[in-house]
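Asker: fold the stuff below for me.
(2 chains)
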Amino acid sequence: MNSIFKIKELFKNFLIEVGELSYFTGRFFKEAFRRPYEFKEFLRQCFYMGNRSLLLVSVTGFIIGLVFTLQSRPTLQEFGAVSWIPSMVSISIIREIGPIITALICAGRIGSGIGAELGSMRVTEQIDAMEVSGTNPFKYLVVTRILATTFMLPILVFFGDLIAIFGSYLVENLKGNVSFLLYFNQVFNALEFSDLIPSIIKTFFFGFAIGLVGCFKGYYCKKGTAGVGLAANSAVVFTSMLLFIIDFIAVFITDIFYDL
Amino acid sequence: MDTTVPNLKPIIEIKELKKSYGENHVLNGFNMVLYDGENVVIMGKSGSGKSVMIKCLIGLEEHDSGTIEVMGKEISELDRDELDDLRTEVGFLFQGSALYDSMTVRENLEFPLRRHTKKFGVLEDTTPIVMQALENVGLAHTINLMPEELSGGMKRRIALARTLILQPKIILYDEPTTGLDPITAKEILLLMKSIQEKYNTSSIIITHDLDCARVISNRMILLIDGKNYIEGTFEELSTSTDPEVQAFFK
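Answerer: Just a heads-up that it's a prediction; the model follows:
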């Protein structure tokens, strides 16, 4: 009986959270198209987020390209299919690994940062102070951050993909003596617009999800320092889950288009 | 301090204000009037609903029932833009100062200014107004510092300067001297008094500090169980024989 009650409570809380997030999303779209636009703050956030994540995305991308090629090389060598490595690596990185890994890194780096920053602003009454000074804190803090993550993530993914492919090229160059020109010629021959377009579109959704959840958790942070930690932590957990759901939906829709 | 009320024109009127959080009835029919040019001190135990009351007054919290009229406007009937316009007339000094910690002192003060072009027009250069506000609180030299570089008393002064920059007619103080040493608390108190005299503002001050209440109040309200328990001047309340009232003055 007790466990049934607990499950009921959990389900109820989940529905409340989904309802609040939907309202928050609706408010974002309403405020995003209303004047005044906080263009300066949007640019500041873009610079801050891009700058803060660039090194991490680069290092991770480089290692993924490197490891992916090193791991798959021996198996492909058995079948005499080493020449397929550039095509295989580029398609898997562009279509799937690049966007999802970069998005997960940014969820940890940017999403938790937004959750903690807005959470601490809520706890120290800075958001209330903006409100009483007649400023709309939702527009200034939330809209700018969500737009910044939405536009910056595709750029970071693009950059991460390039670095990952370059990492793969280095392995091929060292192990198989493949030239830069030959490697990248094969990469571009293998890629089609049908690989790039769905991948680019889904990264906008990934970025939107990271900004939205981070802002939602931080903006409605409960009082106290524990609340700030919880906001940052749950922003990462909830965003990571959401990223996989968005990815599944994106792959599902892309698959329908391929069948057509 | 002269405790006579300069002008008997009500600037804030609160009637039968109620606010609950679940089963916790914080405000239970609170009433008050603030007259133009008057300073009212509200005292009460922790958790008696003082801070909730001033947050309802500025629209930070929605009240459950009752009416709040600020400068003739009913708060619950205002839309977002109207409420923002009204907020330029009502300053709020937070207990923890609430300075924006990612901005310099200058940016903290400029922040409300550049959003209220209706009141001030489009300002090409905000420096004279920012400097004037900082000189009022004696901290002009901190203009380019970050909040983390300031002491608690300095933060409170800068927060007061930020509150004043929109030239409000009413200032709400939420425990302005709490957490400060006695000397700094006295400085803040004198500053509040000089601002009131210079700009002829009306104020509601929430405090537990008896010195503050004695120096600045025209009238005091004791808030117990979410209702006004007693109202009067500092002298009247401090000489009251009611044990509930005396408990605050011991």
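Asker: confidence score at A:Gly223?
Answerer: Rather than Gly, residue A:223 is Lys. Confidence at A:Lys223, expressed as pLDDT, is 69.
Asker: which strand or helix spans residue 212?
Answerer: Using chain A. helix A:193-219 (DSSP states H and E).
Asker: looking at chain B here, not the other one
Answerer: helix B:210-216.
Asker: could you pull out the strands for chain B?
Answerer: Counting by DSSP state E, chain B has strands at residues B:10-21, B:24-35, B:39-44, B:65-70, B:73-74, B:90-93, B:170-174, B:202-206, B:219-224, B:227-232.
Asker: other SSEs contacting the fourth one?
Answerer: This points to strand B:65-70. The elements that strand B:65-70 packs onto, with contact taken as 3 or more CB pairs under 8 Å, 6 or more residues apart in numbering or on different chains; DSSP states H and E, are strand B:10-21, helix B:50-57. Just so you know, the C-beta spots here come from the backbone N, C-alpha and C atoms, and that holds for glycine as well.
Asker: the longest one and chain A, are they touching?
Answerer: In this case it means strand B:10-21. No: contact between strand B:10-21 and chain A is absent, the nearest approach being 12.2 Å (criterion: CB under 8 Å from any CB of the partner chain).
Asker: sheet-wise, list the partners of that strand with their directions.
Answerer: strand B:24-35 (antiparallel), strand B:65-70 (antiparallel) (DSSP bridges).
Asker: got JSON lines for those strands, with mean pLDDT, mean neighbour count and distance to B:Arg87 too?
Answerer: Formatted as JSON lines, the strands paired with strand B:10-21 follow (pLDDT from 0 to 100; neighbours: other CB atoms under 10 Å in any protein chain shown; distance: least, CB to CB, whole Å):
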{"stretch": "strand B:24-35", "mean pLDDT": "91", "mean neighbour count": "18", "distance to B:Arg87": "16"}
{"stretch": "strand B:65-70", "mean pLDDT": "94", "mean neighbour count": "17", "distance to B:Arg87": "9"}
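Asker: nearest to A:Ile146, of the helices and strands packed on strand B:65-70?
Answerer: helix B:50-57 (26.8 Å; CB to CB).
Asker: send me that closest one as CSV with only the CA atoms.
Answerer: Only the C-alpha atoms of helix B:50-57 are listed here, as CSV (Å, rounded to 0.1, in the frame of the first residue of the first chain):
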residue,chain,number,x,y,z
LYS,B,50,6.6,40.9,7.7
SER,B,51,8.8,40.2,4.6
VAL,B,52,5.9,38.4,2.9
MET,B,53,3.8,41.5,3.4
ILE,B,54,6.2,43.9,1.7
LYS,B,55,6.8,41.4,-1.1
CYS,B,56,3.0,41.3,-1.6
LEU,B,57,3.1,45.1,-1.6
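Asker: so who does residue 52 touch?
Answerer: I'll assume chain A. Counting by CB atoms under 8 Å, 6 or more residues apart in numbering or on different chains, A:Arg52 touches A:109-110, A:113.
Asker: wrong one, I was asking about chain B
Answerer: B:19, B:26-27, B:61.
Asker: cutoff 10 Å now
Answerer: B:17, B:19-21, B:26-27, B:30, B:60-61, B:63, B:226 (CB atoms under 10 Å, 6 or more residues apart in numbering or on different chains).
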